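K.L.:
Just need the structure, nothing else, for what follows:
(2 chains)
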Amino acid sequence: MYQYDHYDQAMVDARVAEFRDQCQRRLEGKLTEDQFKPLRLMNGLYLQLHAYMLRVAIPYGTLSGAQMRALGNIADKFDRKYGHFTTRQNIQYNWIKLEDAPDILADLAKVEMHAIQTSGNCIRNISSDHFAGAAADEIIDPRPYAELLRQWSSFHPEFSYLPRKFKIAVIASETDRAAMRLHDIGINIVRNDAGELGAAFYVGGGMGRTPMIAPLINGFVPLDQLITYSEACLRVYNRYGRRDNKYKARVKILVHELGAEEYTRQVEEEFALLIAQSIEPPFAELERIRTYFDEPAFDADASDELDRTDPDFAVWSDRNTHPHKTPGYVSAVISLKPVGGIPGDATADQMRLMAELAEQYSFDECRVTHTQNIVLPHVRKADLFALWQKLDAAGLGTPNLDQVGDIIACPGLDYCSLANARSIPIAQQISQRFHANGKGEILGELKLKISGCINACGHHHAGHIGILGVDKKGVENYQLSLGGSEAEDTSLGKITGRGFDEAGIVDAVETSVDVYLAQRQDGERFLDTYRRIGMEPFKEALYG
Amino acid sequence: MKILTGNDLKTGAVTWWDGTGWSLHVADAADVGDDADAILAREEAARRVNAAYAIEAELTASGVRPAHIKDRIRGLGPTVRPDLTLKPEDPDAVREVI
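P.N.:
Sure, this is the predicted structure:
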């Protein structure tokens, strides 16, 4: 876990005091909404459909038990007893009162958390692999580097007013579990032929109204130049990114318009100037940070056996665990997608339970995934059955990781002021449909993602099946796309054709799945079949 | 008809201009005709509402109905959490806003 030092705590405490004063002045009428809005947004406080919404940063999705418990307690004390885990590994509260916001930030500060840089045109929360430090396939734990980037980007004076928001993901395995190439900067820590570690930089990816897959601009930046190279990437963007048009202001547009080669040339030129200025943090600082992420005291004698006598447990353990680098351990994924449930929502009681289970079974750690689930990264196989029993009793034992019911959905028109259509009811109906007809059990991996507007918070471009809600003359309408992926085989989905109404889109998903079932060959996922047979058979089935 | 809606400054709750003040219930919304801008300016200045705006609505047999689904959802609450809407006991409430 990251740890605040004296400076971190002092900065966060000072920010709470500052925001308390700003809220008070707003309530007294000394600040207008126009004056106050940028201040509240800097502290993650939005005004949404029904109330203020507070977005809390969860650095690379990592939480201690105490932090998860604090999130649950905030839901109880200040919200309506639940919270919503997001596709940026954060949490949002939907029913916040302005007069309570400073007290919430104060409660967060007590557990080394805040809502700073969860909005605005700055570098947002750094995201990472939710199995970091545990995954059997990683070449190194990426979290120290994510933390270094977090510290560098927090309150960075030069990058507080970028042309647009900026998102960075860091991974360290060939398997991409963080949608790395769909970020403004995606960093993949790699090993070169000489065995040295470095960072592959991908710049200019993103979803939104203009989805793009980030091109590789440098395949190997030595890790002791990570911050300097990041600074160079941001500087070029900050200098030339478009500020005249909000919809063309992201770095992906700059990279696209300049061309990756020219953007890279400018970055390298900037890098040459910066490297001479020695802005890279000293190695000792990275080493200090690295100690925060030391391996837990794993039991060297932990049994690698798993009692699979209970059939329901066997299904859950097959689907909802991930191989751990240490024999006798697994990473367990808690699905926040019960059949017909609201993707990503957790009650205050569930959050407190997950906190307790993290403390009891996972060395006091849990992670938020960008797919809106929770991971207990280090669970002894010998404890897995007991863990599952407690999860199942609390409605947290749904065995559907990466299945059709494990749907990413943005809050949509039920909560979000930007949305054009509701996302959650579509997710609920699809989840119920495939549970009721039993097809969900035979589909294997199928990643379905739903966004309620073109901003694509629900990652629909990257869904094997993607759904985009649009406003068609005041009526909700849904576009279907197929063939997207946010994994290491990153691809963007293609729209099938004309859209569907609410009932029609659920039928259309089932029709698409039926095409897959009819055409799949041994071992093929939905995505594999789509890539093999192309769009036409699906269009034929959907539109005749 | 034209009606005004916004959010309560302190709580963020959705409110509707009822002719003399701000109500939590869209059913109370008053037709403001051509007076929208003047009322909005006055009420924002008095800090009785936040981020207020005028919308089109119609008067139906069941009451005032905002023209756009977004405002109808604002008027009721999230359709996916009937228990958190203003009409948790009414099984038809969600269906009526869609």
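
K.L.:
which parts of chain B sit against chain A?
P.N.:
By CB under 8 Å from any CB of the partner chain, the residues of chain B that approach chain A are B:7, B:9-14, B:44, B:47, B:50-51, B:67-70, B:73-74, B:77-81, B:84, B:98. The way it works is simple: take the backbone N, C-alpha and C, and place the C-beta from them, glycine included.

K.L.:
ChimeraX command to pick out the buried ones of those residues?
P.N.:
A single ChimeraX command selects the buried members of these (16 or more other CB atoms under 10 Å in any protein chain shown):
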select /B:7,9,10,11,12,13,14,44,50,69,70,73,74,77,78,79,80,81,84
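
K.L.:
right, and A:T118 touches A:L105 too?
P.N.:
No: in this structure, A:T118 is not within contact of A:L105 by CB atoms under 8 Å, at 11.5 Å.

K.L.:
Longest helix in chain B, please.
P.N.:
helix B:36-45 (DSSP state H).

K.L.:
Identify each buried residue in it, please.
P.N.:
B:36, B:39-40, B:43-44.

K.L.:
Neighbours of the closest residue to A:T347 other than its chain neighbours, how many?
P.N.:
Nearest non-adjacent residue to A:T347, counting by CB to CB, 6 or more residues apart in numbering or on different chains: A:Y82, 4.9 Å away. A total of 21 residues lie near A:Y82 under the criterion other CB atoms under 10 Å in any protein chain shown.

K.L.:
And the one 5 residues further on, by the same measure?
P.N.:
The criterion is other CB under 10 Å. On that basis, A:T87 has 24 neighbouring residues.

K.L.:
And the contacts of the helix or strand of chain A with the lowest mean pLDDT?
P.N.:
Ranked by mean pLDDT, DSSP states H and E, the weakest helix or strand in chain A is helix A:283-291, scoring a mean of 93. The contact list for helix A:283-291, computed with CB atoms under 8 Å, 6 or more residues apart in numbering or on different chains, reads A:2, A:144, A:147-148, A:151, A:224.

K.L.:
Is A:R531 in a helix, a strand, or coil?
P.N.:
Following DSSP: H, G, I helix; E, B strand; the rest coil, the label given to A:R531 is helix.

K.L.:
contacting residues for the residue lying closest to A:A394 once chain neighbours are set aside?
P.N.:
In this structure, A:A394 finds its nearest non-sequential neighbour in A:L353, 5.3 Å apart by CB to CB, 6+ apart. A:L353 makes contact with A:390, A:394, A:396, according to CB under 8 Å, 6+ apart.

K.L.:
so which strand or helix has A:L353?
P.N.:
helix A:348-361 (DSSP states H and E).

K.L.:
pLDDT on that helix, on average?
P.N.:
Mean pLDDT, helix A:348-361: 98.

K.L.:
Give me the buried positions along it.
P.N.:
A:348, A:350-355, A:357-361.

K.L.:
One more: stretch B:87-98?
P.N.:
Neighbour-count burial for stretch B:87-98, counted by 16+ other CB under 10 Å, picks out B:93-94, B:97.

K.L.:
Pull the residues that contact the helix or strand bottoming out on mean pLDDT in chain B.
P.N.:
Within chain B, no helix or strand scores below helix B:93-97, which has a mean of 91 by mean pLDDT, DSSP H and E. In this structure, residues lying in contact with helix B:93-97 by CB under 8 Å, 6+ apart are B:62, B:69, B:72-73, B:75-76, B:79, B:82, B:85, B:87.

K.L.:
Looking at the stretch 101-250 of chain A, which residue is nearest chain B?
P.N.:
Going by CB to the nearest CB, chain B is nearest to A:A101 of the stretch 101-250 of chain A, at 9.8 Å.

K.L.:
Which other helices and strands does the helix or strand encompassing that residue contact?
P.N.:
Using DSSP H and E, A:A101 maps to helix A:101-110. For helix A:101-110, the packing partners by 3 or more CB pairs under 8 Å, 6 or more residues apart in numbering or on different chains; DSSP states H and E come out as helix A:6-27, strand A:52-56, helix A:65-78.

K.L.:
rerun that using 6 Å as the cut-off
P.N.:
helix A:6-27, helix A:65-78 (3 or more CB pairs under 6 Å, 6 or more residues apart in numbering or on different chains; DSSP states H and E).
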